[in-house]
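Colleague: Below are the sequence and a predicted model for it; my questions follow.
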Amino acid sequence: MKTAIIMMGPPGAGKGTQARLLFETLGFAHISTGDMLRTAIKNETEDGNRAKSFIEAGLLVPDELVDSIVKERVRQPDCDRGLILDGYPRKLSQAETLQEILEQDDILAITIGLNIPDEVLIDRLGSRWMCPNCNRTFSKELSSGILKGLCDKCSVHLIHRVDDTEEVIAARLKIYHEETEPLVRYYHAQGIYIQIDGDQLPAKVFYAIRNVVEERRNLASVGK
Ligand code: AP5
Ligand code: MG
């Protein structure tokens, strides 16, 4: 059954890290609204120019911009195998838009909430490096790429994200708690929210996510 895995959790919870592992394992399309917006900014597109000031301030980009990016993206052929939504939805209005998209195609939704204390994610984001070419993230503890200052796939110099400053991290975290966290209740009420401890080794987090996804997909196929 066509499946959408919705990755939720605060900034730095590991949504992107786990979404990439899921992409490599399941072959589902990895849809990261943050990565798409950063690419648009880098390419100085109209969308990018509109999104820039919001991202730099740690604020949510207006719905109509993000919704249209996602609607366009889910029409691409690589989405036929399944979807991994990383950073979308981030508020109730976006969740309702996504619900319409998923219902139209009878797509099974599984929401994974990565749970992690604020102090751990502040520490992670403060020491995160990113490849501006492939958008992969690195941290001192987790990767050898960081030691050379280069992405080990693209050999491009790693950078810090503009929104990974102390002040902007605080703003993003505040918005997460105010706007995005209420979605936990929304998905919980639908019986499709699964919380996973994000404060363990990435491989362990991934193992837990894989198990949940397999279990839910098996259940859905039996119920068909
Ligand atoms: P976005 O890019 O989505 O940022 P975010 O939600 O703040 O999340 P991050 O990407 O910072 O963290 P992550 O959970 O992906 O963690 P990661 O895997 O990198 O959005 C950026 C901005 O775009 C928003 O502020 C907004 O302006 C705009 N935007 C995006 N979507 C939008 C939407 N739908 N609506 C409106 N605006 C939108 O991991 C973090 C670090 O920890 C890395 O260094 C990693 O190597 C390390 N790490 C990962 N897992 C582990 C682990 N298990 N143990 C130790 N370290 C780990
Ligand atoms: Mg991310």
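Modeller: Everything's here; your move. Ligands and ions are numbered 1, 2, ... in the order given.
Colleague: so how far is ligand 1 from Glu24?
Modeller: Going from Glu24 to ligand 1 by C-beta to the nearest ligand atom, to the nearest Å gives 14 Å. From N, CA and C alone the C-beta is placed, and that goes for glycine too.
Colleague: Give me the phi and psi for the spatially closest residue to Glu179 that is not a sequence neighbour.
Modeller: Distances taken as C-beta to C-beta, 6 or more residues apart in numbering place Lys91 nearest to Glu179, at 4.6 Å, with adjacent residues excluded. Per-residue torsions, Lys91: phi -160, psi 170 (degrees, to the nearest 10).
Colleague: burial measure for Lys91, as a count.
Modeller: 17 (other C-beta atoms under 10 Å).
Colleague: Likewise for Asp123?
Modeller: Counted with other C-beta under 10 Å, the neighbours of Asp123 add up to 13.
Colleague: check which helix or strand covers the closest residue to ligand 1 within the chain.
Modeller: The nearest approach of the chain to ligand 1 comes at Gly34, 1.9 Å away (C-beta to the nearest ligand atom). Using DSSP states H and E, Gly34 sits in helix 33-42.
Colleague: Around ligand 1, pick out the residues from this protein.
Modeller: Residues of the chain lying close to ligand 1 (C-beta under 6 Å from any ligand atom) are 9, 11-17, 33-34, 37, 54-55, 58-61, 66, 87-88, 90, 94, 124-125, 128, 137-139, 142, 163, 172, 201-202, 205.
Colleague: picking that back up, what is the helix holding Gly34 packed up against?
Modeller: helix 46-57, helix 63-73, strand 83-86 (3 or more C-beta pairs under 8 Å, 6 or more residues apart in numbering; DSSP states H and E).
Colleague: Return the list of helices and strands in contact with the longest helix belonging to the chain.
Modeller: Identified as the longest helix of the chain according to DSSP state H is helix 202-223. Packing partners of helix 202-223 (3+ C-beta pairs under 8 Å, 6+ apart): strand 3-8, helix 15-26, strand 108-115, strand 193-197.
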